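Colleague: make a model of this:
(chains A and B)
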Number of protein chains: 2
Amino acid sequence: MMAGENQPPHQVVIVGGGFGGLYTAKALSDANVNVTLIDKRNFHLFQPLLYQVATGTVSPADISSPLRSIVSKSKNTKVLLGEVNDIDPQAQKVIMGEEEIPYDSLIVATGAKHSYFGKDEWEEFAPGLKTVEDAIEMRRRIFMAFEAAEKETDPEKRSSWLTFVVVGGGPTGVELAGAIAEVAYHTMKEDFRNIDTNETRVLLLEGLDRVLPPFAPELSQQAEASLTRLGVTVQTKTLVTNIEGDIITLKQGDEVKQIAAKTVLWAAGVKASPLGKVLAQGTGVECDRAGRVIVEPDLSIKGYPNIFVIGDLANFAHQNGKPLPGVAPVAMQEGQYVASLIKQRLKGNTMPRFHYVDRGSLAVIGRNSAVVDLGFIKFTGFLAWLSWLLIHIYFLIEFDNKLVVMIQWGWNYFTRNRGARLITGKETLPQVTVEEGYYSKEKGRQPVNV
Amino acid sequence: MMAGENQPPHQVVIVGGGFGGLYTAKALSDANVNVTLIDKRNFHLFQPLLYQVATGTVSPADISSPLRSIVSKSKNTKVLLGEVNDIDPQAQKVIMGEEEIPYDSLIVATGAKHSYFGKDEWEEFAPGLKTVEDAIEMRRRIFMAFEAAEKETDPEKRSSWLTFVVVGGGPTGVELAGAIAEVAYHTMKEDFRNIDTNETRVLLLEGLDRVLPPFAPELSQQAEASLTRLGVTVQTKTLVTNIEGDIITLKQGDEVKQIAAKTVLWAAGVKASPLGKVLAQGTGVECDRAGRVIVEPDLSIKGYPNIFVIGDLANFAHQNGKPLPGVAPVAMQEGQYVASLIKQRLKGNTMPRFHYVDRGSLAVIGRNSAVVDLGFIKFTGFLAWLSWLLIHIYFLIEFDNKLVVMIQWGWNYFTRNRGARLITGKETLPQVTVEEGYYSKEKGRQPVNV
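Modeller: Okay, here's the model as predicted:
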């Protein structure tokens, strides 16, 4: 395995420029290898802040960095813009359309996208939040809903335009619901003449018995209290059984309820990128129910020690039996581990198995509230918010000099301004002439308050 | 005309939230009138900086402000999101789909869009720059071209990907061409492994004998010298006779030339918004060849003293016989004039005719070069660039607190960074497998250097 003087350098191919792929590439920049980083987008997206784009605080470019800029100083690293649709583990090649790229080591880090648990027809009515385009679409729907309410004369329909339902009480759902409440009750309260934005209802639905299930129960409780203070109605133990048109159907215990809401946002589930399945077909490796690839203790896949799967696409369950969560720190550490492993192997050394160091979790709730769980200490409120802010800025700045984002946030914090609330894209005018008789189409479909 | 105590307040309807409409609304905020500001977008766009979005320096939201925020303090002003498709001057109503909005005074300020002089089929190959979506599309094409060149193996096609043609040597064309040259020769020069971005060609084509024709000839000369220093090839007295696929056909005197360029950007001409023609049909007022409405010395239209047309949609030729140019200062002053006129009329007073005060023109060329023509003084270079920067920031800040933009510019200036160069929207992957034999499809279509 050692690279001799006359051998061509070891070829590392990384598929995916998210946290996992990028940290692998960066950690390999000083190694005697050739790195090819493939992504279907020309930028790295700082996904934890995507909800801020969706709610009009920052612009997509503020939380993105061109991949080429990030690795431009790594002279051994080449960026390829393209989509990998197949992998040939026998010939050691990844396939992008008609192009074939050979590898000696392969890192697959294509992440996850949102999942409707088999109900893909819900996507039309309840978009999720994974890409820049998703965020722009959410932003369009949120701000268009207020515009439509302002023009709507039918009080029932107006109330439906002013009802926002966020499905899923994880960090993204909590952050979205908190931000929408702020938009309605603070940012835009002076902006309309026909509607009172205080009539806005923001509902956050969670299937389990508390929001932020990965956090400690006391933090979930405090998060719920903060959300309630912001004006969000939190409904736990609530399952969504149908979403169609502007009616969302819920099950709370044995009770079935319906809510009329023109804006439903999906933050409930993710499934792994389809490249996991492709890899499984070629190598016989197993995937879990969410499509994540079961990886070995060194993040390689069974029988293929030179193919690694990291980040949201990987199911690593070698620590406490539960797969590691799909968060940025896991992907970053996995990327750094795989880079070290490749470097050590080239020197003829071995590495101990991967071990994830959990430095804690954070979620932001509103203008100056957040929950922080560092394991040994848990705290909420303004101090937590400040920690959240500083940690996110630290990681943002690592990729690019996004000092501007910090200033923007500071400014927005003091002014409660959200200058990025543009309605752009295809449909930019409110469509308030909804088909008559929607409610009568199916009997018993009367909206019910929860 | 005087508003009695029992009369309902005078209804002012403004169509269009650009510089003209917004300045009218702001100047009327202290008047005893009701103002309805109608726009099809929910934001005011600072169009003079749109080329910075197209070339990846700032984000759309950085140069936009939500209309509702701008007028939220004006309690007599209501914003309506919608598109006016008809005007009934007899019944004094504007018509938006099924909605009718009555007015006592009407201001039409719907501006202009780019025009292909009857060759609308060129738009597909040579997009223009008027909306946020236009800028995002230009940005996608510019940055995708470099990505495609990086992947392209055919040297002829690669050169076509690296050729950028800007049609039109007015301020927008000059600004675009200068910015693309900076992107190619500075911002991205370390970013690629297969191509040398120094091989990029940026051509700026102008039909007249000099760039920036509205400026003094010596400034045009200096602008051309600055562009040449930046690496732009300026071709004056050059007419575009066809654009099809990636071939642009030119006429220089009697000579016909063809250039193979995958990216052609249109900055050559504008035509007035279609609402001008609608108004002409209803009132019998005349339009000029570009579709602009011929206005009276008080900016009203003939026979309808309560209908005003301002900004890019108006042809006001009462000063020196030439219509005032389609620039922001004209629209702003016209808006302020009409607001004063309405206020004076309500008091029973009259106003002298509109008189435009030309405070000068500016155009930016590159990183630290611009031309400034204040009439009594003309200058270029860094000082001109600084003036351009400060004046634009002053007007940006008037609408919203876009201090962030200033910091972003400062940052980009020192780092030559363009972090907003995201490829977003529909097609985000390079399509380098162009149909074989494109050149042979029609004989004699060989690309020619200019």
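Colleague: can you pull the contacts of the residue of the stretch 151-300 of chain A found nearest chain B?
Modeller: Closest contact between the stretch 151-300 of chain A and chain B, by Cβ to the nearest Cβ, is at A:D191 (3.8 Å). All C-beta atoms are positioned from the backbone trio N, CA, C, and that covers glycine. Each residue near A:D191 by Cβ atoms under 8 Å, 6 or more residues apart in numbering or on different chains is listed here: A:146, A:197, B:66, B:68-69, B:72, B:79.
Colleague: C-alpha coordinates for stretch A:31-46, PDB please?
Modeller: What follows is the C-alpha trace of stretch A:31-46 in PDB, where atoms were taken according to Å, rounded to 0.1, in the frame of the first residue of the first chain:
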ATOM      1  CA  ALA A  31      -1.000  14.200   2.200                       C
ATOM      2  CA  ASN A  32       0.800  12.700  -0.800                       C
ATOM      3  CA  VAL A  33      -2.500  11.900  -2.500                       C
ATOM      4  CA  ASN A  34      -4.600  13.300  -5.300                       C
ATOM      5  CA  VAL A  35      -8.000  14.300  -4.100                       C
ATOM      6  CA  THR A  36     -11.100  14.700  -6.400                       C
ATOM      7  CA  LEU A  37     -14.000  16.300  -4.600                       C
ATOM      8  CA  ILE A  38     -17.300  15.700  -6.500                       C
ATOM      9  CA  ASP A  39     -20.500  17.600  -5.700                       C
ATOM     10  CA  LYS A  40     -23.600  18.400  -7.700                       C
ATOM     11  CA  ARG A  41     -23.600  22.000  -6.400                       C
ATOM     12  CA  ASN A  42     -20.700  24.500  -6.700                       C
ATOM     13  CA  PHE A  43     -21.000  25.500  -3.100                       C
ATOM     14  CA  HIS A  44     -20.900  24.100   0.400                       C
ATOM     15  CA  LEU A  45     -24.100  24.900   2.300                       C
ATOM     16  CA  PHE A  46     -24.000  25.500   6.000                       C
END
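Colleague: pLDDT on that stretch, on average?
Modeller: Taken as a whole, stretch A:31-46 carries a mean pLDDT of 95.
Colleague: show me where the stretch 251-400 of chain A has helices.
Modeller: Counting by DSSP state H, counting those that start in this stretch, the stretch 251-400 of chain A forms helices over residues A:275-283, A:328-346, A:382-399, given from the N-terminal end onward.
Colleague: can you give me the buried ones in stretch A:302-316?
Modeller: By 16 or more other Cβ atoms under 10 Å in any protein chain shown, the buried positions in stretch A:302-316 come out as A:304, A:306-316.
Colleague: no, scratch that, I was asking about stretch A:73-85
Modeller: Buried-residue list, stretch A:73-85, by 16+ other Cβ under 10 Å: A:74, A:76-82, A:84.
Colleague: please apply the same query to stretch A:183-199.
Modeller: Counting neighbours by 16+ other Cβ under 10 Å, one finds that the buried residues in stretch A:183-199 are A:183-188, A:191-193, A:195, A:197.
Colleague: enumerate the residues of the stretch 101-250 of chain A near chain B.
Modeller: Taking Cβ under 8 Å from any Cβ of the partner chain as the test, the list of the stretch 101-250 of chain A residues beside chain B reads A:132-133, A:136, A:143, A:147, A:150-151, A:188, A:190-193.
Colleague: what is the nearest of those to A:D254?
Modeller: Ranked by distance to A:D254 (Cβ to Cβ), those are led by A:F143 at 37.3 Å.
Colleague: could you identify the helix or strand that succeeds whichever helix or strand the closest one is part of?
Modeller: When secondary structure is defined by DSSP states H and E, A:F143 falls within helix A:132-151. Stepping forward along the backbone from helix A:132-151, the first helix or strand reached (DSSP H and E) is helix A:155-161.
Colleague: so which elements touch that following helix?
Modeller: helix A:132-151, strand A:255-260 (3 or more Cβ pairs under 8 Å, 6 or more residues apart in numbering or on different chains; DSSP states H and E).
Colleague: mind redoing it with 6 Å?
Modeller: Here helix A:155-161 is seen to pack against helix A:132-151 when contacts are counted using 3 or more Cβ pairs under 6 Å, 6 or more residues apart in numbering or on different chains; DSSP states H and E.
Colleague: CA atoms only: put the helix it packs on into PDB for me.
Modeller: Extracted in PDB, the C-alpha atoms of helix A:132-151 (Å, rounded to 0.1, in the frame of the first residue of the first chain):
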ATOM      1  CA  VAL A 132     -31.100  26.500  -1.000                       C
ATOM      2  CA  GLU A 133     -34.000  26.100  -3.400                       C
ATOM      3  CA  ASP A 134     -36.100  24.500  -0.600                       C
ATOM      4  CA  ALA A 135     -35.400  27.500   1.600                       C
ATOM      5  CA  ILE A 136     -36.300  30.000  -1.100                       C
ATOM      6  CA  GLU A 137     -39.600  28.100  -1.600                       C
ATOM      7  CA  MET A 138     -40.400  28.100   2.100                       C
ATOM      8  CA  ARG A 139     -39.600  31.800   2.300                       C
ATOM      9  CA  ARG A 140     -41.900  32.500  -0.700                       C
ATOM     10  CA  ARG A 141     -44.700  30.500   1.000                       C
ATOM     11  CA  ILE A 142     -44.300  32.100   4.400                       C
ATOM     12  CA  PHE A 143     -44.300  35.700   3.200                       C
ATOM     13  CA  MET A 144     -46.800  35.100   0.500                       C
ATOM     14  CA  ALA A 145     -49.300  33.800   3.100                       C
ATOM     15  CA  PHE A 146     -49.300  37.200   4.800                       C
ATOM     16  CA  GLU A 147     -49.800  38.900   1.500                       C
ATOM     17  CA  ALA A 148     -52.700  36.700   0.600                       C
ATOM     18  CA  ALA A 149     -54.200  37.200   4.000                       C
ATOM     19  CA  GLU A 150     -54.000  40.900   3.600                       C
ATOM     20  CA  LYS A 151     -56.000  40.600   0.400                       C
END
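Colleague: before we move on, the earlier item: and the buried residues of stretch A:302-316, which two are furthest apart?
Modeller: Greatest spatial distance among these (Cβ to Cβ): A:N306 and A:D312, at 21.4 Å.
Colleague: who are the contact partners of A:T36?
Modeller: Taking Cβ atoms under 6 Å, 6 or more residues apart in numbering or on different chains as the contact definition, A:T36 lies against A:13, A:78, A:80.
Colleague: B:Y103: which of those is nearest?
Modeller: For B:Y103, the closest of those turns out to be A:L80, at 57.5 Å, with distances computed as Cβ to Cβ.
Colleague: strands paired with the helix or strand hosting the closest one, and their directions?
Modeller: Element membership of A:L80 [criterion: DSSP H and E] is strand A:77-81. Looking at strand A:77-81 with DSSP bridges, its paired strands and their directions are strand A:33-39 (parallel).
Colleague: now the strand it pairs with: how far from the chain's centre is it?
Modeller: Relative to the centre of its chain, strand A:33-39 is centred 24 Å away, using Cα atoms, centre = their mean, to the nearest Å.
Colleague: moving along the chain from that strand, name the first helix or strand you hit.
Modeller: Next element after strand A:33-39 (DSSP H and E): strand A:43-45.
Colleague: what's in contact with that following strand?
Modeller: Strand A:43-45 is touched from outside by A:17, A:22, A:64-67, B:422, with contacts defined as Cβ under 6 Å, 6+ apart.
Colleague: farthest pair within those?
Modeller: Maximum pairwise distance among the contacts of strand A:43-45 (Cβ to Cβ): 15.9 Å, between A:L22 and B:L422.
Colleague: mind checking pLDDT for the nearest residue to A:T350 once chain neighbours are set aside?
Modeller: For A:T350, ignoring the flanking residues on the chain, the nearest one in space by Cβ to Cβ, 6 or more residues apart in numbering or on different chains is A:Q344 at 6.7 Å. pLDDT for A:Q344: 97.
Colleague: ok, A:Q344 - how many residues close by?
Modeller: Each residue near A:Q344 was counted by other Cβ atoms under 10 Å in any protein chain shown, and the total is 12.
Colleague: try the one 4 residues further on
Modeller: Around A:G348 there are 8 other residues, counting by other Cβ under 10 Å.
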